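# what's the 3D shape of this:
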Amino acid sequence: MDEVLWQISEQVQNFAVVYLVDISQVPDFNTMYELYDPCTVMFLFRNKHIMVDLGTGNNNKINWALTNHQELIDIIETVDRGARKGRGLVVSPKDYSTKYRY
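Numbers count the residues shown, from 1 in each chain. This is a model prediction of the structure:
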């Protein structure tokens, strides 16, 4: 996931900034957002947490590795558009629930 974020960072630099954070350095943040997965992507806009409805039930974060660059760019664009409009929850362009996987 780090490689995907690094590779798309230039494509999203006009509307997003990518930070890599070591969760052992921010224990208060870990308990607040339940950060215990090895890979977690969260979205913040002007010090406000932006939630994303991905169809998984957990709207706080993405806690699996996205390998498709364009899917992640689409999610970041959706979060940016929603956050600029003042929304605290945006709906993902793709449903990642397991009900459509066979």
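# three-state assignment of residue 64?
State at residue 64, reduced to three classes by DSSP: H, G, I helix; E, B strand; the rest coil: coil.
# same deal with residue 76?
helix.
# keeping just the C-alphas, turn the helix or strand of the chain with the lowest mean pLDDT into CSV.
Lowest by mean pLDDT, DSSP states H and E among the helices and strands of the chain is helix 27-33, with a mean of 82. Once non-C-alpha atoms are left out, helix 27-33 reads as follows in CSV (Å, rounded to 0.1, in the frame of the first residue of the first chain):
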residue,chain,number,x,y,z
PRO,A,27,-0.7,6.5,20.9
ASP,A,28,-3.6,8.9,21.6
PHE,A,29,-4.6,8.9,18.0
ASN,A,30,-4.4,5.1,17.9
THR,A,31,-7.0,4.7,20.7
MET,A,32,-9.3,7.4,19.2
TYR,A,33,-9.5,5.8,15.8
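# so how far is it from its chain's centroid?
Distance of helix 27-33 from the chain centroid (CA atoms, centre = their mean, to the nearest Å) equals 16 Å.
# contacting residues around residue 9?
residue 18 (CB atoms under 8 Å, 6 or more residues apart in numbering). Glycine gets a C-beta too; all of them are placed from N, C-alpha and C.
# give me the phi and psi for it.
Dihedral pair for residue 9: phi -60, psi -40, per degrees, to the nearest 10.
# going forward, begin numbering at 15 instead of 1
Yes, from this point I'll number from 15; that puts the last item at residue 23.
# gap between it and residue 90?
Using CB to CB, to the nearest Å, residue 23 is found at 10 Å from residue 90.
# do the same with residue 19
10 Å.
# name the residue in those two with the higher neighbour count.
residue 90 (20 against 17; other CB atoms under 10 Å).
# where is the longest strand in this structure?
When the chain is parsed with DSSP state E, its longest strand is strand 62-67.
# any residues touching that strand, and which ones?
47, 56-58, 73-74, 76, 89, 92-93, 96-97, 101-106.
# which stretches of this structure form strands?
57-59, 62-67, 103-105.
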